[in-house]
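**Student:** Pasting the sequence and the predicted coordinates here, then a few questions.
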2 protein chains.
Amino acid sequence: MPTPPFMTRRDLLTMIGRTAGASALYSAMSSMGLAKASTFIGELNLSQAPKGDSVLVLGAGLGGMTAAYELRKAGYDVSVLEYSERAGGRCFTLHAGDTVTDLSGETQHCNFSPGNYINVGPWRVPYHHYGVLHYCKKFGVKLEPFIQLNYNAYVHAQNAFEGKPQRIREVLTDIHGYTSELLAKATDQRALDEVLTKEDCEALLDQLDDWGRLTGDHQYQQSLKASRFRGYEHWPAGGLMPRPSPSKPLDFKELLHSGLWGLLLDYFNNEYQHTIFEPVGGMDQIAKGFAREVGDLIEYRAQVVRIEQSETQVTVHYIDPSRPDDIKTRSADWCVCNIPLSILSQIPVDASPALRQAIAAVPYGSSTKTGLEFKRRFWEQDESIFGGITFTDLPITTISYPAYDYFSDGPAVLLAAYTFDDPNSYTMSTLTARERIKAALAYGKQIHPQYEEEFLSGVSWSWHRSPWSLGCYGLWTDELRAAHYETLCEIDHRLVLAGEHCSYIPAWQEGAILSGMDASQRLHEKATKHKASA
Amino acid sequence: MPTPPFMTRRDLLTMIGRTAGASALYSAMSSMGLAKASTFIGELNLSQAPKGDSVLVLGAGLGGMTAAYELRKAGYDVSVLEYSERAGGRCFTLHAGDTVTDLSGETQHCNFSPGNYINVGPWRVPYHHYGVLHYCKKFGVKLEPFIQLNYNAYVHAQNAFEGKPQRIREVLTDIHGYTSELLAKATDQRALDEVLTKEDCEALLDQLDDWGRLTGDHQYQQSLKASRFRGYEHWPAGGLMPRPSPSKPLDFKELLHSGLWGLLLDYFNNEYQHTIFEPVGGMDQIAKGFAREVGDLIEYRAQVVRIEQSETQVTVHYIDPSRPDDIKTRSADWCVCNIPLSILSQIPVDASPALRQAIAAVPYGSSTKTGLEFKRRFWEQDESIFGGITFTDLPITTISYPAYDYFSDGPAVLLAAYTFDDPNSYTMSTLTARERIKAALAYGKQIHPQYEEEFLSGVSWSWHRSPWSLGCYGLWTDELRAAHYETLCEIDHRLVLAGEHCSYIPAWQEGAILSGMDASQRLHEKATKHKASA
């Protein structure tokens, strides 16, 4: 029942009557496309655990705590060993007042103003990370929108436009404009007649005019139409203030060769698409939510040094790192190992040669994050940037503006450098935290000259210098996946691995959580069958 | 000092040293591009008012209250006449428990659950509406991010894709994909050699491959690369859950002729670009913020029936609408008239013929909004839509999901129809509120079949049925502006007009506020000069 472009009152009332009775049609739609686009399996309601069965979980990261939570809920006798003094693993936030020491022995005190923080691990929760959202809801972790794409933030390339940062709204509008103009030109010249009919060409030209904000003869040029999207020279105002005037598009050739276009890509991939969230108060609110549930099961400062499997049980040897000679053991019927492969590969594990090969096969990606606190929100006050991310080809890669407490006075923290799995990230990892802070300042002020005046203090974390992970995430390739992924995830006798490395969502909390759920479910199935056949 | 693609530790340290000393260069940058892109004049610090001068403000909308606030601050003796019982004018929110009556006499009670509301007037605050943001900060109005573009919301056309709503992420990725493929084809076939060099072509093809997520020989097709942006068939997951598999792009020809492309435009114009805000608790928090400051100046239920100007003063005749025979008068040295032209044009005004022509010349745009409350947030729970807007070619045009209290249980309110200045809007205005609610339900369930099960209650507001505005906003054309805009804004003897109709930002609160600031400043200048020459 298509609606004509203009409806009279009578049409409309008739239509209401008609559609009101057509519920069969619409409920048929409910099965199409509306289901959650996820392999998330929903609430894990594992049936009763075999009586007396115990599970030892190694590592109180999100994957391990997911398993601990679900398996205890099912009735297992669960305990958790954790290397550090803290639950959460890479779900890690540095708050004002915190002290942290990295692998090199460098100790940092976070001198931020009270209440300020920086998420040095994961910092975003996509709308389709159903596992994370499920436990946030369950554990009362409040979420707020994160801003990935702020049209008024910048993209910046050192060699383009005299090194001046360019507003995203300008670059994006100009790219749409110039590509639309080119495609319109080709269409107009009948260069695409092989694939487009005359009607197609007409429809395409019509839409390119709108999409590219083209004026005149399908041209992208300085105009109020384009300025409505890229911003004005004089913005529309009130009374007898200056009249709106159009801004001038960037030069096409310079834009084409600037590298800025490529910097836009990361605003749009599924993991960064709006609406995207962050926990109020820092990502570690998620770790704390889990720890409220399973904290009583965790023994902290417990470094695993050996994992043994026998016919009947798993025995784990571990030490308090400050007393390495005092080796303790703990045994259980089953074991969920949430230890990163970067560390697990250095521990003797009783497992099949294939699993041991898989454990050793996956290198770890590098990442560093540097948070700088400034006296005031100059990015908001001077530049009207509220949340969002500036991407640059400088080695700092990223400047991200806080997506909380907008418009507030007083000191605030920028994520001032975020390197992830690129050569700069490895180089940044060779610097001390103090050097990385200096680097973030020296580069960042090319984008925000206010850095110099406004800087207060910084903290920096390099995941390759993290004693409890020795890297950021499992750096899978297609070849490695084909050779090792299934083996890595399969249950080896009484041992199953979990963590982001056992997922297709590496470096994301969702990978750890889904893996923890999947491992729990499969382990429970095996334990149940095992008991039944015993 | 461009940075090479790979830097060693030594390079990086050298660079830090070098850039640390180069502050002159960077502070030179601070004057470029970082200034606020606005004609906002900043805090209005009007110098001392001429002793004893009084100002009468007509209409306690945002423009009028801005003038009242600034002119009282400057020392004028200010009073305000307001037709209704409420300050704010079109800055209007219907809250649970409210009762409202329109021009036709139809009375609605807002039966929403406690705390729920719908903004029936303005609902968004763009990041560059500096006037609104200025007063929000000043008056302690807390803002939260509004979500305009949620990639997981829908665009919907009745005649396309069997009437099934399509996720925005899919449509947007496919448009980028297919247009990139076509442009790559044209480039490859040298159809654009007139404007592109060989190097340009190579750079363009490279970037189109990324931008359009093209695979193979510059083709847009079903692939994991495209799925990273449009979403997957099976999404990446954990452990031995199903492996990620690519989703299938929409058919190009059907997409091209679907009308969906055109529905995307409104996500990107400057007024809707992220980061965009809304006041916590409803837009009328802004009206309440102003009213906290100037509420003591306002006489409510004061309908202006005549505006007289003499050599020495302005005299306004007004009535309480419930006692039309009891005509009261008030006089002042100056008058700021914030009454919408739709109403002012019906009132005798002593002004130049040109101003009276201008007042009569501008028609008013139509708009209706309908809010429906449902038992639960099915759009979040069933469809993973958190905030954002679905656009449709149905007469309801818009479904907007609440961008607050995400993940909460209990009833919540959708903006279930929003028509604005299109034929549907005029037609919708011919319906009663009850009929508009029925229409919103009948059409909306074509997109959300859950409507039928989950509906609780609704309210609807048609701005052409609003007794205090008789329309939504001044519908300027370029021709009307050329003929009348300056006259409308200029001070006529002792009278100056203010409001969104006296701005280049019609229908936006920013237009009213900037106009109020501009009118105040000019009136103050005139009053000061007048006193000096007296």
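**Tutor:** Cool, got the structure.
**Student:** any chance you could map the helices in the stretch 1-150 of chain A?
**Tutor:** Taking DSSP state H, counting those that start in this stretch to define them, one finds helices in the stretch 1-150 of chain A at A:9-20, A:23-29, A:62-74, A:130-138.
**Student:** Just list what the longest one packs against, helices and strands only.
**Tutor:** Which is helix A:62-74. On a contact count with 3 or more CB pairs under 8 Å, 6 or more residues apart in numbering or on different chains; DSSP states H and E, helix A:62-74 meets strand A:54-58, strand A:77-81, helix A:284-294, strand A:334-337, helix A:509-533. Bear in mind the C-beta positions are built from the backbone N, C-alpha and C, glycine included.
**Student:** For these, state which one has the densest average packing.
**Tutor:** strand A:334-337 (a mean of 29; mean count of other CB atoms under 10 Å in any protein chain shown).
**Student:** Give me the residues contacting that strand.
**Tutor:** Strand A:334-337 is contacted by residues A:53-59, A:64, A:67-68, A:71, A:76, A:307, A:309, A:314, A:316, A:344, A:494-498, A:516, A:519-520, A:523, A:527 when judged by CB atoms under 8 Å, 6 or more residues apart in numbering or on different chains.
**Student:** rank the helices of the stretch 1-150 of chain A by pLDDT, which is bottom?
**Tutor:** Mean pLDDT per stretch puts helix A:23-29 lowest among those, at a mean of 39.
**Student:** Nearest to the spatial middle of chain A, which residue is it?
**Tutor:** Most central in chain A under CA atoms, centre = their mean is residue A:124, positioned 4.5 Å from the mean C-alpha point.
**Student:** Name all residues that make contact with residue A:134.
**Tutor:** Contacts for residue A:134 were tallied using CB under 8 Å, 6+ apart; they are A:40, A:42-43.
**Student:** As TSV, these with distance to chain B and pLDDT would be great.
**Tutor:** Output for the contacts of residue A:134, formatted as TSV (distance: CB to the nearest CB, whole Å; pLDDT from 0 to 100):
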residue	distance to chain B	pLDDT
A:40	7	76
A:42	12	81
A:43	13	88
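**Student:** Just give me the closest of these to residue A:158.
**Tutor:** The shortest separation between residue A:158 and any of the contacts of residue A:134 is 42.1 Å, and it belongs to residue A:40 (by CB to CB).
**Student:** and the closest one, how many neighbours?
**Tutor:** 22 (other CB atoms under 10 Å in any protein chain shown).
**Student:** same question, residue A:47
**Tutor:** Other residues near residue A:47 number 9, with proximity taken as other CB under 10 Å.
**Student:** and if you look at residue A:449?
**Tutor:** 22.
**Student:** ok, it to residue A:382 distance?
**Tutor:** Using CB to CB, to the nearest Å, residue A:449 is found at 10 Å from residue A:382.
**Student:** So which of the helices and strands packed on helix A:62-74 is nearest residue B:144?
**Tutor:** With CB to CB as the measure, helix A:284-294 is the member of the helices and strands packed on helix A:62-74 nearest residue B:144 (18.3 Å).
**Student:** what element comes up after that closest one heading to the C-terminus?
**Tutor:** strand A:298-299 (DSSP states H and E).
**Student:** Partner strands of that following strand and their direction?
**Tutor:** According to DSSP bridges, strand A:298-299 has the following sheet partners: strand A:77-81 (parallel).
**Student:** what does the partner strand rub up against?
**Tutor:** Here strand A:77-81 has contacts from A:52-60, A:64-65, A:68, A:71-72, A:294, A:297-299, A:302, A:304, A:316, A:318, A:330, A:332, using CB under 8 Å, 6+ apart.
**Student:** same question, stretch A:380-389
**Tutor:** Against stretch A:380-389 from outside (CB under 8 Å, 6+ apart): A:146-150, A:152-153, A:267, A:379, A:398-403, A:406-407, A:448, A:450, B:34-37, B:127-128, B:130, B:145, B:274-275, B:277.
**Student:** Show me what counts as buried in the helix or strand hosting residue A:480.
**Tutor:** If you go by DSSP H and E, residue A:480 is part of helix A:478-480. For helix A:478-480, burial by neighbour count (16 or more other CB atoms under 10 Å in any protein chain shown) applies to residue A:480.
**Student:** Please see if that helix touches chain B.
**Tutor:** No: applying CB under 8 Å from any CB of the partner chain, one finds helix A:478-480 separated from chain B by no less than 9.9 Å.
**Student:** helices or strands up against that helix?
**Tutor:** Counting by 3+ CB pairs under 8 Å, 6+ apart, helix A:478-480 packs on no helix or strand.
**Student:** For the following helix or strand past it, name the packing helices and strands.
**Tutor:** The first helix or strand that comes after helix A:478-480 along the chain, using DSSP H and E, is helix A:486-489. Applying 3+ CB pairs under 8 Å, 6+ apart, we find helix A:486-489 packed against helix A:353-361, strand A:495-497, helix A:509-533.
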